[in-house]
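Engineer: With the input below, show me the fold.
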Amino acid sequence: MIHEIAQFITDQIFDMGYLGIFLLMLIESSFIPFPSEIVLVPAGYLASKGDMVISLILFSSLLGSIGGALINYFGALYVGRRFLLRYGKYILISEVTLNKMEDFFKKHGAISTFSGRLIPGIRQLISIPAGLSKMDLKVFVFYTSLGALVWSIILVTLGYVIGENQELIKEYLSLIVTITLACVTIITAIYIYNIKRKNA
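Structural biologist: Numbering: from 1, shown residues only. Presented below is the predicted three-dimensional model:
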(Lines give C-alpha, C1' and ligand atoms only; values in the text may rest on other atoms or scores of the structure.)
Protein backbone atom coordinates (compact mmCIF):
# COMPACT_ATOMS: atom_id res chain seq x y z
CA MET A 1 0.00 0.00 0.00
CA ILE A 2 2.75 2.44 0.99
CA HIS A 3 4.72 1.51 -2.12
CA GLU A 4 1.74 2.23 -4.38
CA ILE A 5 1.13 5.61 -2.73
CA ALA A 6 4.83 6.42 -3.03
CA GLN A 7 4.78 5.44 -6.71
CA PHE A 8 1.80 7.74 -7.32
CA ILE A 9 3.57 10.64 -5.60
CA THR A 10 6.72 9.93 -7.60
CA ASP A 11 4.82 9.96 -10.89
CA GLN A 12 3.29 13.32 -10.02
CA ILE A 13 6.50 15.01 -8.94
CA PHE A 14 9.10 13.33 -11.13
CA ASP A 15 8.13 15.45 -14.16
CA MET A 16 9.64 18.42 -12.29
CA GLY A 17 13.09 17.02 -13.07
CA TYR A 18 15.90 17.74 -10.61
CA LEU A 19 13.60 19.79 -8.38
CA GLY A 20 11.30 16.76 -8.24
CA ILE A 21 14.21 14.53 -7.20
CA PHE A 22 15.14 17.03 -4.48
CA LEU A 23 11.55 17.13 -3.15
CA LEU A 24 11.12 13.35 -3.26
CA MET A 25 14.42 12.73 -1.44
CA LEU A 26 13.49 15.44 1.09
CA ILE A 27 10.33 13.43 1.81
CA GLU A 28 12.26 10.14 1.80
CA SER A 29 14.80 11.35 4.37
CA SER A 30 12.23 12.88 6.72
CA PHE A 31 9.87 10.99 9.02
CA ILE A 32 7.60 9.96 6.12
CA PRO A 33 8.25 6.33 5.01
CA PHE A 34 9.17 6.52 1.32
CA PRO A 35 11.30 4.09 -0.76
CA SER A 36 14.25 5.91 -2.35
CA GLU A 37 14.66 3.25 -5.02
CA ILE A 38 11.53 4.38 -6.87
CA VAL A 39 13.12 7.81 -7.22
CA LEU A 40 16.79 7.18 -7.98
CA VAL A 41 16.63 3.99 -10.04
CA PRO A 42 14.37 5.61 -12.69
CA ALA A 43 16.58 8.72 -12.58
CA GLY A 44 19.60 6.52 -13.32
CA TYR A 45 17.74 4.99 -16.27
CA LEU A 46 16.92 8.46 -17.64
CA ALA A 47 20.61 9.34 -17.32
CA SER A 48 21.52 6.27 -19.40
CA LYS A 49 19.22 7.61 -22.15
CA GLY A 50 20.80 11.06 -21.95
CA ASP A 51 17.67 12.70 -20.53
CA MET A 52 19.31 13.56 -17.20
CA VAL A 53 22.84 14.17 -15.90
CA ILE A 54 24.17 11.86 -13.18
CA SER A 55 26.07 14.59 -11.31
CA LEU A 56 22.91 16.74 -11.09
CA ILE A 57 20.83 13.74 -10.00
CA LEU A 58 23.28 13.02 -7.18
CA PHE A 59 23.48 16.70 -6.20
CA SER A 60 19.68 17.02 -6.05
CA SER A 61 19.40 13.75 -4.13
CA LEU A 62 22.10 14.78 -1.66
CA LEU A 63 20.50 18.17 -0.96
CA GLY A 64 17.10 16.52 -0.45
CA SER A 65 18.57 13.85 1.83
CA ILE A 66 20.34 16.44 3.99
CA GLY A 67 17.20 18.58 4.15
CA GLY A 68 15.00 15.67 5.24
CA ALA A 69 17.57 14.51 7.79
CA LEU A 70 17.74 18.01 9.28
CA ILE A 71 13.94 18.08 9.63
CA ASN A 72 14.16 14.96 11.78
CA TYR A 73 17.25 16.19 13.62
CA PHE A 74 15.82 19.57 14.64
CA GLY A 75 12.39 18.10 15.29
CA ALA A 76 13.92 15.64 17.74
CA LEU A 77 16.21 18.30 19.22
CA TYR A 78 13.57 20.95 19.93
CA VAL A 79 10.35 18.96 20.23
CA GLY A 80 11.22 15.34 20.87
CA ARG A 81 13.66 15.96 23.70
CA ARG A 82 11.30 18.28 25.60
CA PHE A 83 8.46 15.84 25.03
CA LEU A 84 10.47 12.89 26.34
CA LEU A 85 11.77 14.82 29.33
CA ARG A 86 8.18 15.60 30.24
CA TYR A 87 6.38 12.38 29.31
CA GLY A 88 9.16 9.85 28.78
CA LYS A 89 8.66 8.28 32.17
CA TYR A 90 5.33 6.89 30.94
CA ILE A 91 7.13 4.92 28.21
CA LEU A 92 10.15 4.03 30.39
CA ILE A 93 12.47 6.70 28.94
CA SER A 94 14.05 8.75 31.70
CA GLU A 95 16.36 11.74 31.64
CA VAL A 96 19.16 9.35 32.60
CA THR A 97 18.44 7.34 29.44
CA LEU A 98 18.55 10.48 27.30
CA ASN A 99 21.85 11.49 28.89
CA LYS A 100 23.30 8.04 28.16
CA MET A 101 22.14 8.37 24.55
CA GLU A 102 23.78 11.78 24.35
CA ASP A 103 27.06 10.36 25.69
CA PHE A 104 26.86 7.45 23.22
CA PHE A 105 26.37 9.74 20.21
CA LYS A 106 29.17 12.02 21.37
CA LYS A 107 31.51 9.02 21.24
CA HIS A 108 30.02 6.95 18.40
CA GLY A 109 27.68 9.30 16.54
CA ALA A 110 29.80 9.36 13.37
CA ILE A 111 29.83 5.59 12.75
CA SER A 112 26.19 5.28 13.86
CA THR A 113 25.00 8.01 11.49
CA PHE A 114 27.02 6.77 8.51
CA SER A 115 26.04 3.10 9.00
CA GLY A 116 22.42 3.98 9.71
CA ARG A 117 22.10 5.88 6.41
CA LEU A 118 22.91 2.66 4.55
CA ILE A 119 20.29 0.49 6.23
CA PRO A 120 16.75 0.55 4.75
CA GLY A 121 14.14 1.25 7.41
CA ILE A 122 16.72 2.84 9.70
CA ARG A 123 18.22 5.42 7.34
CA GLN A 124 15.40 7.93 7.97
CA LEU A 125 15.20 7.23 11.69
CA ILE A 126 18.90 7.60 12.58
CA SER A 127 18.48 11.40 12.55
CA ILE A 128 16.07 11.24 15.49
CA PRO A 129 18.44 9.83 18.16
CA ALA A 130 21.13 12.15 16.75
CA GLY A 131 18.85 15.12 17.43
CA LEU A 132 17.72 13.83 20.80
CA SER A 133 21.34 13.42 21.89
CA LYS A 134 22.34 16.87 20.58
CA MET A 135 24.98 15.38 18.30
CA ASP A 136 27.36 18.00 16.87
CA LEU A 137 25.57 19.39 13.80
CA LYS A 138 28.64 19.59 11.54
CA VAL A 139 29.57 15.98 12.29
CA PHE A 140 25.97 14.89 11.77
CA VAL A 141 25.68 16.64 8.38
CA PHE A 142 29.04 15.30 7.18
CA TYR A 143 28.32 11.64 7.95
CA THR A 144 24.69 11.92 6.84
CA SER A 145 25.94 13.34 3.52
CA LEU A 146 28.54 10.59 3.17
CA GLY A 147 26.05 7.78 3.81
CA ALA A 148 23.34 9.36 1.65
CA LEU A 149 25.77 9.89 -1.23
CA VAL A 150 26.96 6.27 -1.15
CA TRP A 151 23.36 5.00 -1.16
CA SER A 152 22.36 7.38 -3.97
CA ILE A 153 25.32 6.30 -6.12
CA ILE A 154 24.33 2.65 -5.67
CA LEU A 155 20.71 3.23 -6.74
CA VAL A 156 21.49 5.58 -9.64
CA THR A 157 24.12 3.14 -10.94
CA LEU A 158 21.59 0.31 -10.70
CA GLY A 159 19.12 2.25 -12.84
CA TYR A 160 21.82 3.33 -15.28
CA VAL A 161 23.09 -0.22 -15.86
CA ILE A 162 19.87 -2.25 -15.72
CA GLY A 163 17.33 0.27 -17.02
CA GLU A 164 13.65 -0.64 -16.94
CA ASN A 165 13.95 -4.38 -16.23
CA GLN A 166 11.87 -4.54 -13.03
CA GLU A 167 12.65 -8.17 -12.25
CA LEU A 168 16.39 -7.64 -12.52
CA ILE A 169 16.12 -4.45 -10.46
CA LYS A 170 14.31 -6.31 -7.65
CA GLU A 171 16.83 -9.14 -7.77
CA TYR A 172 19.90 -6.90 -7.75
CA LEU A 173 18.41 -4.50 -5.19
CA SER A 174 17.86 -7.39 -2.80
CA LEU A 175 21.45 -8.51 -3.37
CA ILE A 176 22.77 -4.95 -2.90
CA VAL A 177 20.87 -4.55 0.39
CA THR A 178 22.33 -7.86 1.63
CA ILE A 179 25.87 -6.86 0.63
CA THR A 180 25.41 -3.40 2.17
CA LEU A 181 24.23 -4.89 5.47
CA ALA A 182 27.21 -7.24 5.45
CA CYS A 183 29.59 -4.31 4.82
CA VAL A 184 27.97 -2.26 7.58
CA THR A 185 28.35 -5.21 9.96
CA ILE A 186 32.04 -5.59 9.06
CA ILE A 187 32.71 -1.83 9.39
CA THR A 188 30.95 -1.77 12.77
CA ALA A 189 32.85 -4.84 13.97
CA ILE A 190 36.19 -3.27 12.96
CA TYR A 191 35.19 -0.03 14.69
CA ILE A 192 34.24 -1.86 17.92
CA TYR A 193 37.48 -3.88 17.80
CA ASN A 194 39.57 -0.71 17.42
CA ILE A 195 37.71 1.00 20.27
CA LYS A 196 38.27 -1.99 22.57
CA ARG A 197 41.93 -2.22 21.60
CA LYS A 198 42.39 1.51 22.19
CA ASN A 199 40.69 1.28 25.61
CA ALA A 200 42.82 -1.73 26.53
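Engineer: Only C-alpha atoms from now on, for both contacts and neighbour counts.
Structural biologist: Fine.
Engineer: mean confidence for stretch 104-117?
Structural biologist: The average pLDDT for stretch 104-117 rounds to 81.
Engineer: Identify each buried residue in it, please.
Structural biologist: Buried residues in stretch 104-117, counted by 16 or more other CA atoms under 10 Å: 105-106, 109-117.
Engineer: repeat for stretch 181-192
Structural biologist: By neighbour count on 16+ other CA under 10 Å, the buried set for stretch 181-192 is 181, 184.
Engineer: what does stretch 56-63 give?
Structural biologist: Within stretch 56-63, the residues scored as buried using 16+ other CA under 10 Å are 57-63.
Engineer: same question, stretch 70-85
Structural biologist: Residues of stretch 70-85 classed as buried: 70-77, 80-81, 84 (neighbour count, 16+ other CA under 10 Å).
Engineer: re the thing from before, now for the buried residues of stretch 104-117, which pair is the farthest apart?
Structural biologist: Using CA to CA, the pair of the buried residues of stretch 104-117 lying farthest apart is K106 and R117, separated by 17.6 Å.
Engineer: In JSON lines: the buried residues of stretch 104-117, plus secondary structure.
Structural biologist: Output for the buried residues of stretch 104-117, formatted as JSON lines (DSSP: H, G, I helix; E, B strand; the rest coil):
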{"residue": "F105", "secondary structure": "helix"}
{"residue": "K106", "secondary structure": "helix"}
{"residue": "G109", "secondary structure": "helix"}
{"residue": "A110", "secondary structure": "helix"}
{"residue": "I111", "secondary structure": "helix"}
{"residue": "S112", "secondary structure": "helix"}
{"residue": "T113", "secondary structure": "helix"}
{"residue": "F114", "secondary structure": "helix"}
{"residue": "S115", "secondary structure": "helix"}
{"residue": "G116", "secondary structure": "helix"}
{"residue": "R117", "secondary structure": "coil"}
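Engineer: All set now, cheers.
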